[in-house]
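**Student:** sequence plus predicted model, see below.
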Amino acid sequence: MLGIIKKLSYRRNTWQVFNDFVEVCALTISNSVDKENWEEREKQYLEIIGRYNKKEVDLISHMFAKLVIELDECYVRGELDDVLGRLFHALGLHNKWKGQFFTPPNIANMMAEMTVENCGEIIKEKGYMTIGEPACGSGVMVLGAANSLRNQGFNHQKHMVVTATDVDLKCVHMAYIQFSLYGIPAVVIHGDTLTMEEWSRWYTPMYVLNHLRGLSDSRRKN
């Protein structure tokens, strides 16, 4: 994926290519399950993809396919890795954009092992455990929690429900893509946890398939 982004950056900056890529992927996934926001997000998708010629669009599609394959390989190996977070850092964008540094996956996994180690009783009582992430970045802490559940013999696709928030829309898109492709039931909110402002919600396919949307919407109203 790194090489493809560099190819696409010959007439635009790398930041714009990466940002467009994650937004297009997020819009594509969202429009497969979220009919309420379909029209607005389809319009945004067409606007972004219209900036690229056919050859470039083919490269973007190929890059998305490579991402799906890489995440699938992580899943099969037994560890949900923060692939997009690593790509973001490999491109050097963390130094050029707001000084963002995402938590390394090994640290996220270690922290999750310490905080989710006694989740069995909660899952036995409720059937699942809820996880809130107020500044999710690319979603690495949630992925660490999913890894911890898997290590304890639980299915992260059934036994966890995630609400993740970030003020940076790029981070929302990255987290949403990875949660969706790893099968994590999650709603990712573009909002400010401190001021309680909210601009959009992104429901993963597994969240929709598990009929959890009413749960998150009722919490928003209360």
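**Tutor:** Perfect, I can see it now. Residues are numbered from 1 along each chain as shown.
**Student:** just give me the neighbour total for Phe140.
**Tutor:** Wrong residue type there; residue 140 is Val, not Phe. The number of residues packed around Val140, counting by other C-beta atoms under 10 Å, is 28. C-beta coordinates here come from the backbone N, C-alpha and C atoms, glycine included.
**Student:** doesn't Phe154 make contact with Ile123?
**Tutor:** Yes: judged on C-beta atoms under 8 Å, Ile123 makes contact with Phe154 at a distance of 6.2 Å.
**Student:** what's the helix or strand for Ala164?
**Tutor:** strand 160-166 (DSSP states H and E).
**Student:** ok, Ser61 to Ile4 distance?
**Tutor:** Here Ser61 is placed at a distance of 10 Å from Ile4 (C-beta to C-beta, to the nearest Å).
**Student:** who has more neighbours out of the two?
**Tutor:** Using other C-beta under 10 Å as the criterion, Ser61 and Ile4 rank with Ile4 on top: 17 against 13.
**Student:** what helix or strand is the nearest residue to the more buried one once chain neighbours are set aside on?
**Tutor:** Spatially, and ignoring its direct neighbours in sequence, Ile4 is nearest to Met63 (4.6 Å; C-beta to C-beta, 6 or more residues apart in numbering). Taking DSSP H and E as the definition, one finds Met63 inside helix 54-77.
**Student:** point out where the protein drops to low pLDDT.
**Tutor:** Within the chain, the ranges that satisfy pLDDT under 70 run 94-101, 213-222.
**Student:** how about the helices in it?
**Tutor:** 2-8, 14-30, 38-49, 54-77, 83-90, 93-96, 105-115, 120-126, 140-151, 169-181, 205-209, 213-221 (DSSP state H).
**Student:** what does the longest one rub up against?
**Tutor:** Spelled out, that is helix 54-77. 1, 4-5, 7-8, 20-21, 24-25, 28, 49, 52, 80-81, 83-84, 177-178, 181-182 (C-beta atoms under 8 Å, 6 or more residues apart in numbering).
**Student:** which residue lies nearest the spatial centre of the chain?
**Tutor:** Taking C-alpha atoms, centre = their mean, the centroid of the chain lies closest to Ala175, which sits 1.8 Å from it.
**Student:** mind listing what that one touches?
**Tutor:** With contacts taken as C-beta under 8 Å, 6+ apart, Ala175 has the following neighbours: 136-139, 142, 164, 166, 186, 188.
**Student:** neighbour-wise, which of these leads?
**Tutor:** Within the contacts of Ala175, Val188 tops the neighbour count with 33 neighbours, counted by other C-beta under 10 Å.
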